[in-house]
Structure formats: structure tokens, C-alpha cells
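# Take a look and give me a structure for this.
(one chain, ligands or ions: 1)
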Amino acid sequence: MASFEIRKTPGDTAWFRRDRFGMFIHWGLYSMPARHEWVKTREKISEEKYDKYFQYFNPDMYDPREWARQAKAAGMKYVVMTAKHHEGFCMFDTQYTDYKCTNTPAHRDFIREYVDAFRAEGLHVGFYYSLIDWHHPEFPIDHLHPRRDDPDAEQKSAGRNMHVYAEYMRNQVTELLTNYGKIDILWFDFSYGADPNAPQWMKGKSAPEWEAEQLIALARKLQPGIIIDNRTGLEQDLWTPEQYQPLEWIKDKDGNLVTWEACQTFSGSWGYYRDEMTWKSPEMLIQMLINTVCIGGNLLMNVGPTSRGYLDYRAEAALAAYADWMKYNSRSVYGCTQADAAFVAPRGTRLTQSEDGKRLYIHLFEYPYEFLQFPGLAGKIDYAQFLHDGSEVLYDEKTISHFSEGAASSDDLVAFRLPVVKPHTLVPVIEVFLK
Ligand code: GLC
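Below is the predicted model:
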């Protein structure tokens, strides 16, 4: 049985771990400058100048049904979109600010259309909601804030009342969790300490400042079962390592295995970044997914749509890479997790195993040509095939006559016989039905 004792939390995480693969969408005013979603603070852009984006935001080609079709084809089973990012602009119709999409030339509630479109394709739907807000007048200036270096920053920040802002968040979360039907995931972002190099009056912000206990209680009351991440500073359902590849299952402070989700980008930015050139290769993208599932995690892969509202050709190509591979190989991902400790991955491979323990998947990152040697597997195989085409993979057990003296050959060895030329799929998978 590849079943692990995973820390229980209030949210309904069972479907989430089964589904394994989701789409992250970072979309907001920052898609117009197209220089990273942090552009306002990186370049310390003035309010007046940033307002231009608000005045001209008009994604005339926004068709979330198209995004949803591509997400589904890529094998993604759930989606999380920015309802509000750090810039403070709201992608939904809210009563609590005028800084929202329905007041741009677009006059549309982007979140409503998004929810409807992805739900229609059968995906679970979530919201990203930024705790940080660089537009709200009551959000105190700190070392991450665009106004941090203004000569009068301290005065400007002095009278700001964090309680008012925390209440604003509760109001908006109430709107998001009442006006759009069942919401499966709420992805808050993020908490941080003070910067030791910044002036003393600039404080970090975490659970107490966000009034996170109240915020979370409210969300759970409105949407029982909702999955909430840890970035309010309070541990909830979801651990979220970002922009790096964990090497083993994520654990909490007490050493318990947890539900976790790596979030990654196709290139080095979350928001649309026209001139960013570090786009990952199709092979890397597939490997990132497998590398995550083989240690019990989910992958939330990001797209940053353009300000016209469509997915850039590079993002579409990356999604197509997933679609090509997942069309044939998704069985090694859905409902799969880390393999039992009894199976040790041979060099150049990654293992996953179905939760009922009956199927073992060997992902060939390095194609071994002709023989894949797998110690420890003798006597355990009922049948083996390539996953992508269902063609039988023959194997020899125990002492392998082909191997000359001195080569690995033992009582527990299995040697799979593979075609010399790697099959036509980016990462071939051997599907082993265990006895
Ligand atoms: C971060 C960044 C951000 C991005 C997010 C995704 O903490 O601030 O721009 O939205 O992580 O995980």
C-alpha cells in the first residue's frame, strides 16, 4: 500500500491530493507594463503613473473558456486565479473599493466569467487573495511598499489603521465566498518579518496584523471544506513551497507529512513579463510535475495572461507540452503518490505508485537503452507495459544470463527489456501491475 499518514486539517484535501495538477493564473493591471507583477514596488511607480493602467485596462480578447479548455487539455484539474494581487486592484466586482475591473473600460467582472468557464470544464475553482495591498489607504507602508523611499513616507504611513484594512479583507473575502458559488481553494499571500535594514517604524506583517484567526474562521464558515494555505502565518491545510524543487515530502514542524503544493512558473515571473526569456523546456516541465508527485506533492503551474486577455504563444506551447504528455501518461499522476519505501528508484528514474498500492510507475528521465535494472522487484510483478501505448515490456528476473560476470545480477533483480530507441514521448513510463 502506498498510503501515508498525512496530517489531518479542516479543509477537504482528499480530492486535491488525488488531482495533483492545477493551473495558477496571475492576471491584473501589471500585465500592461508586462515587467513582473511586482513592478509597482520594484520601480516605485507613483500612484498617478500606475493609474494609467487602470484607465486603459481593456482585455478585449478575454475568453476564459479558452483558458479553461487549455488547462483541461493539459491535464490540470483545478485552478487558482488572482482575485486581487499586491497592487490592490480587484479583478471582481466589490462594494468596498472603486479600484476594480468593473470601473475600467472593460466593465466586466473577470472573476465571475473565470469561475463560470472553469467550472463548466469540470475543474475545481480557487481564488488567490493578496494580504499585501499597495493601493489601500490604510495599509501601512513597509519595506516592500512602493512608497517606502518617499521623503514623507513615515508621515504618510503614520495614521494608517491596520484594523480598518483587516476588516476590508474580511468584507472582500465575504464577497468572494458568497457571490460565486462553491469555492474550493483560498490562497492567501503572504506574511513577512521586518527588514533589519529598513527604518524601525516599518513593520513586518503576519497573522496578528491580518487578524488571520478571524479571517480564516469567516472563510470556513462561508465555505466549509475549503482548502486554505499557510501564508497568513497560521498553519492551515496547505504548505506551499515556491519556485524551487523540494527533494522530499514536506513536513510540518513536528515531522508530520502534510498536504503540499509546489507553485512554479513557465518563465521567471508570475505576471505576464514580455521580455523575460527563461522559459523552461517541455522536458523540464514534465519532469517538474513528476518530481513533485513522486514525493507526495501537487504542482500548481502558473500562466500570466497578456493584458489583451489571451495566453501568450510561449505559455500556450508550454501547456501543449503538458497536454501531449498527459494525454497518454496521466495515469502515473492522478491518484498517485510517493512509492513504498520498499521500492528504490534505479538511477535516472522517478517512481510513483497508485494509492491502492497496485500499480508502480517507473518514469525514465535518463533513457537506459535495452535494459533497465531494478533490484528488489523480482517476484513482485504481475504484468508490465509502457504507459503511453500499452505495449508489453518484457523482463527477466533474478540471475540475468545476458549480463557478463561482475555485472549486477542477484536474486531480487529485475531487468526490463526496452527498445534501444527511446519511445516517442518526452518521459516514457513503465506501468507495473504488482502482484
Ligand atoms: C509570491 C509573490 C508573488 C506570487 C506568489 C506566488 O509570494 O509575492 O508575486 O504571487 O508568490 O506564489
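
# All the helices of the stretch 101-250 of the chain, residue numbers only.
For the stretch 101-250 of the chain, the helices defined by DSSP state H, counting those that start in this stretch cover 110-120, 153-158, 162-178, 207-210, 212-222.

# just the stretch 301-435 of the chain next, same as before
313-329.

# residue contacts, the closest residue to the ligand within it?
Nearest to the ligand in the stretch 301-435 of the chain, going by Cβ to the nearest ligand atom, is Asn302, at a distance of 7.3 Å. Bear in mind the C-beta positions are built from the backbone N, C-alpha and C, glycine included. Listed by Cβ atoms under 8 Å, 6 or more residues apart in numbering, the contact partners of Asn302 are 23-26, 263-266, 270.

# From those residues, pick the one nearest Pro282.
Phe266 (10.5 Å; Cβ to Cβ).

# Go ahead and confirm that closest one touches Met277.
No: judged on Cβ atoms under 8 Å, Phe266 makes no contact with Met277 at a distance of 11.6 Å.

# In terms of neighbours, single out the busier of these two.
Neighbours were tallied for Phe266 and for Met277 using other Cβ atoms under 10 Å; the higher tally belongs to Phe266 (22 against 9).

# how about the nearest residue to that one, chain neighbours excluded?
What sits nearest to Phe266 in space, not counting adjacent residues and going by Cβ to Cβ, 6 or more residues apart in numbering, is Ala318, at 4.5 Å.

# show me what contacts the one you found?
The contact partners of Ala318, by Cβ under 8 Å, 6+ apart, come to 266, 279-280, 282, 285.

# ok, now Lys203?
So Lys203 contacts 140, 142, 194, 209 (Cβ under 8 Å, 6+ apart).

# per-residue confidence for the second one?
Going back to what we said before, that points to Asp142. The score at Asp142 is 98. That number is its pLDDT.

# can you check the one 3 residues further on too?
Taken from the predicted model, the pLDDT recorded for His145 is 98.

# Does Asn154 touch Trp201 like I think?
Let me fix one detail, which is that residue 154 is Glu and not Asn. Yes: counting by Cβ under 8 Å, Trp201 is a contact partner of Glu154 at 5.8 Å.

# before we move on, back to that, tell me the one among the contacts of Asn302 nearest to Arg417.
In terms of Cβ to Cβ, no member of the contacts of Asn302 lies closer to Arg417 than Gln264, at 35.2 Å.

# Help me confirm that the closest one is found in a strand?
Yes: under DSSP: H, G, I helix; E, B strand; the rest coil, Gln264 falls within a strand.

# returning to what we had before: bridge partners for the residue of the stretch 301-435 of the chain closest to the ligand, pull those for me.
Asn302 has these beta-bridge partners by DSSP bridges: Phe24, Thr265.

# So which bits of the stretch 1-150 of the chain are right by the ligand?
Contact residues (Cβ under 6 Å from any ligand atom) of the stretch 1-150 of the chain with the ligand: 26, 37-38.

# Who are the contact partners of the residue positioned nearest the centre of the chain?
Residue closest to the average C-alpha location in the chain (Cα atoms, centre = their mean): Leu300, at 1.7 Å. Contacts here follow Cβ under 8 Å, 6+ apart; on that basis Leu300 touches 22-24, 80, 261-264.

# Tyr165 too?
Shown in contact with Tyr165 (Cβ under 8 Å, 6+ apart): 133, 136, 138-139.

# Which one (most neighbours) among those residues?
Highest neighbour count within those, by other Cβ under 10 Å: Phe139, with 23 neighbours.

# That one contacts Arg160, correct?
Yes: with contact defined as Cβ under 8 Å, Phe139 reaches Arg160; the gap is 6.6 Å.

# For Tyr273, which non-adjacent residue is spatially closest?
His36 is the one closest to Tyr273 (Cβ to Cβ, 6+ apart), at 5.4 Å.

# pLDDT weak spots in this protein?
1-2, 399, 401, 403-409 (pLDDT under 70).

# again, 90 this time
Applying pLDDT under 90 to the chain flags the ranges 1-3, 243, 369, 398-412.

# any idea how far Lys398 is from Arg147?
Distance from Arg147 to Lys398, counting by Cβ to Cβ, to the nearest Å: 71 Å.

# So for the two, which sits in the more crowded spot?
Arg147 (17 against 13).

# so what's Asn58 up against?
104-106.

# Spell out which helix or strand contains it, please.
Assigning secondary structure by DSSP states H and E places Asn58 outside every helix and strand.

# Check the one 10 residues further on too.
Using DSSP H and E, the element containing Ala68 is helix 64-73.

# Arg274 and Ala34 touch, don't they?
Yes: Arg274 is within contact range of Ala34, at 4.1 Å (criterion: Cβ under 8 Å).

# Please identify which of these two sits among more neighbours.
Taking other Cβ under 10 Å, Arg274 and Ala34 do not tie; Ala34 has more neighbours (18 against 12).
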